[in-house]
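Asker: Predicted model follows, preceded by the sequence.
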Amino acid sequence: MIEVKVKIKSTDGKEELESLYSYCSRLSKKNNSVLYLLESYLNKKLLEEPQLAEIRDILLTVSADITKITSHLHVECGEKDEEL
């Protein structure tokens with residue numbers, strides 16, 4: 001099985017390759033940290049109001065979908081009869 005890599009820029013500006021699994025995990029964690037920051041900024045739990053609860057649900061759904069990318073990924077390249 002081929003491991004899919006993602007090209008990223010490191011903190012020092014250099015381009016690096018990161019596994020898709022690692023990249024998706026990092027994105028999901030960043031997305032979840034938005035929930036904490038939002039609750040801190042508003043000084044209330046997101047479940048206290050319906051609109052905030054909806055925002056929370058969307059962020060959690062996106063985080064879950066991001067982590068599922070690696071298990072549902074199917075990459076095809078080239079023509080089907082080339083078997084690449």
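Answerer: Alright, I've got the coordinates. Numbers count the residues shown, from 1 in each chain.
Asker: And the helix or strand that contains Cys24, what's buried?
Answerer: Under the assignment given by DSSP states H and E, the secondary-structure element containing Cys24 is helix 20-42. For helix 20-42, burial by neighbour count (16 or more other Cβ atoms under 10 Å) applies to 21, 23-24, 27-28, 31, 39. To be clear about C-beta, it is placed using only N, CA and C from the backbone, and glycine gets the same treatment.
Asker: How about Lys45: what's its closest non-neighbour residue?
Answerer: Here the nearest residue to Lys45 in space, its sequence neighbours aside, is Glu39; by Cβ to Cβ, 6 or more residues apart in numbering that works out to 6.1 Å.
Asker: Nearest to Val6 among the buried residues of helix 20-42?
Answerer: Taking Cβ to Cβ as the measure, Val6 lies nearest Tyr23 of the buried residues of helix 20-42, at 4.4 Å.
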